[in-house]
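Asks: Got a sequence here, can you model it:
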Amino acid sequence: MVMTAKLKAETQVLHDRIEEKNLARKIVDGSIELETYKLLLLQNYIAYRQTESEIQRFLPGYTGSKHLQLRQDLENLGMTAAIPPKKENFQCNSPAEAYGAAYVVEGSAMGGMVLAKKLKSCAALEDLPAQNFFSGDKENLKDWRKFKEELEQYGFSEAEEAEAIEKAKETFRFFEKIFDLDLSSILDPAFKDKG
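Replies: Sure, this is the predicted structure:
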């Protein structure tokens, strides 16, 4: 079994559980309001900022641009003051762990493409400026394919394989922890729409 298939099989339960909690489900059903969308962007920014910076420590060619896209989207919505400093604890300790974390981070491109299409039909978000994170840019899929090739070429030992799988699970749990954070103190008043 190829590594991506192993990672998918081992993390499927966590993936499904987190999908249930993620505010993105409100994009899918069209019920999302602007304030909830801002919260979704902020949650994702916090999670991606930490995971991508850790992945970059061990995978030198890794661009880690998702958190930058999210930051731009938050800035475009006047949310710069709401962005908290780094304090969430997430670490990678080896290339194998970085690959496990990157599997989760890069794999989100598939769902992001679906959400980008659905976003256009959300009535409360029709006046959004062009989005960077939920852009629907096909380059994201190319990045995912490129990452999968790199992952399969790595040549994991049995121990490294176990490390990567455990870190992928930990990465999903980290995202879940961020999605569960009470960000109300951050959201008020910086989170309120101007005007």
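Asks: can we go C-alpha only for contacts and neighbour counts from here?
Replies: Fine.
Asks: Not counting stretch 163-174 itself, show me its contacts.
Replies: Under the contact criterion C-alpha atoms under 8 Å, 6 or more residues apart in numbering, stretch 163-174 has outside partners 6-7, 10-11, 14-15, 18, 47, 51, 90, 92, 96-104.
Asks: which of the residues you listed are buried?
Replies: Those of the contacts of stretch 163-174 that meet the buried threshold are 7, 11, 14-15, 18, 47, 51, 92, 96-104, by 16 or more other C-alpha atoms under 10 Å.
Asks: which stretch of helix or strand covers Thr4?
Replies: Taking DSSP states H and E as the definition, Thr4 sits inside helix 3-21.
Asks: Give me the residues contacting the helix or strand just after that helix.
Replies: The helix or strand immediately downstream of helix 3-21 is helix 25-28, counting by DSSP H and E. Applying C-alpha under 8 Å, 6+ apart, the set of residues contacting helix 25-28 from outside is Glu19, Ile32, Leu115, Lys118, Leu119, Cys122.
Asks: tell me which element the third one falls in.
Replies: If I follow you right, that is Leu115. Remark: Leu115 resides in helix 95-119, with elements defined by DSSP H and E.
Asks: follow-up on the earlier one: which one (most neighbours) among the contacts of helix 25-28?
Replies: When neighbours are counted by other C-alpha atoms under 10 Å, Leu119 leads the contacts of helix 25-28 with 26 neighbours.
Asks: now that residue, nearest residue through space, not along the chain?
Replies: Distances taken as C-alpha to C-alpha, 6 or more residues apart in numbering place Ile27 nearest to Leu119, at 5.9 Å, with adjacent residues excluded.
Asks: ditto for Ala123
Replies: Excluding the flanking residues, the one nearest Ala123 by C-alpha to C-alpha, 6+ apart is Gly30, at 7.3 Å.
Asks: Test my guess that that neighbour contacts Leu125.
Replies: No: taking C-alpha atoms under 8 Å as the definition, Gly30 is not a contact partner of Leu125, at 9.5 Å.
Asks: Please identify every residue contacting each of those two.
Replies: Taking C-alpha under 8 Å, 6+ apart as the criterion, Gly30 and Leu125 both touch Leu119.
Asks: remind me which residues of the chain are low pLDDT?
Replies: For the chain, the stretches flagged by pLDDT under 70 are 81-82, 184-195.
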